[in-house]
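**Q** Turn this into a structure:
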Amino acid sequence: MKFTLPALMIMAIGCANTAGAMPVESFLMKPTGSYHVGYQDYHWINEQSCPDPLYSYHSSTADYSDNNTKHCRELTARIYYPTLANAETGNEYYPPFVASQQEMMQFIPEMKNEDILQLSDIKTFTFANQPVASDKQFPVILFAAGAGIPSQAYENVISELVSQGYIVVGFNSSFINLTALPNGHVIQPPTDATMEE
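**A** All right, here's what the predicted structure looks like:
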């Protein structure tokens, strides 16, 4: 099963409230299911697809991992899974996505700079590298976001699914979604202008 959801902006989290600043510790929505949400990040290079089909649009070597000298297709995935472990505090919301939203919000006249900066304080209810719950087997959902948005932008939806007993594999594909390589380099999704060059 594959879900493709329409683009979703982070502005709806409450940061657009210009009457007052957000609370210092703001969280995404708390999942309602009986499981907590763990995740692990993965990165793959497809050496059967070299160079990347979109290489002609993105020939900068910075947009490929250092060991990807043939400019093969790269894919990152965050696998979310049910866990019984309950960490003290959540993970920070996907920083590359937060940074992209902060950049766009700079152009909203009514938006206060302090509110934009506080987006970096948002926490999720997901916890890295926790043990997988072993009380039963879980169905798997393959989740691919569209419109250049990374899968992590949908953590409210994904966390709720996982808390109800699903494993969700969220994919990000270089040059299709906003993608962060393991070396920290962020690849921006293509624009119409980029594809027409």
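**Q** CA only for contacts and neighbour counts going forward, please
**A** Noted.
**Q** so where's the protein shaky on pLDDT?
**A** 1-25, 58-59, 87-89, 191-197 (pLDDT under 70).
**Q** Next, the buried residues of the longest helix seen in it.
**A** Using DSSP state H, we find that the single longest helix of the chain is helix 95-105. For helix 95-105, a neighbour-count test (16 or more other CA atoms under 10 Å) marks 96-98, 101-102, 105 as buried.
**Q** Strands of this protein, residue ranges please.
**A** For the chain, the strands defined by DSSP state E cover 2-3, 36-46, 73-83, 126-128, 140-144, 167-173, 179-180, 186-187.
**Q** give me every residue that touches Asp41.
**A** 76-79 (CA atoms under 8 Å, 6 or more residues apart in numbering).
**Q** Can you give me the distance of the residue most central in space within the chain to Tyr166?
**A** The C-alpha lying nearest the average C-alpha coordinate of the chain belongs to Gln152 (CA atoms, centre = their mean; 2.2 Å). Going from Gln152 to Tyr166 by CA to CA, to the nearest Å gives 16 Å.
**Q** again, but for Gln118
**A** The gap separating Gln118 from Tyr166 is 31 Å, by CA to CA.
**Q** neighbour-wise, which of these two wins?
**A** Tyr166 (21 against 17; other CA atoms under 10 Å).
**Q** Quick check: the more buried one vs Leu142, distance?
**A** Relative to Leu142, and taking CA to CA, Tyr166 is found at 11 Å.
**Q** now do Gln40
**A** Taken as CA to CA, the span from Gln40 to Leu142 is 15 Å.
**Q** what's near enough to touch the closest residue to Ser34 other than its chain neighbours?
**A** The shortest distance from Ser34 to any non-neighbouring residue, by CA to CA, 6 or more residues apart in numbering, is to Ser163 (5.8 Å). Counting by CA under 8 Å, 6+ apart, Ser163 makes contact with 31-37, 82.
**Q** Which of those residues has the largest number of neighbours?
**A** So for the contacts of Ser163 (other CA under 10 Å), the most neighbours sit at Val37, 34 neighbours.
**Q** so that one sits right up against Ile79, yeah?
**A** No. Using CA atoms under 8 Å, Val37 is not in contact with Ile79, being 10.2 Å away.
**Q** which one of the contacts of Ser163 is nearest Leu54?
**A** Leu54 has its nearest neighbour among the contacts of Ser163 in Val37, at 34.0 Å by CA to CA.
**Q** which residues in the chain form helices?
**A** Under DSSP H, the chain gives helices at 95-105, 113-117, 155-163, 192-196.
**Q** Nearest to Val132, out of these?
**A** That would be helix 155-163 among those, by CA to CA, at 11.3 Å.
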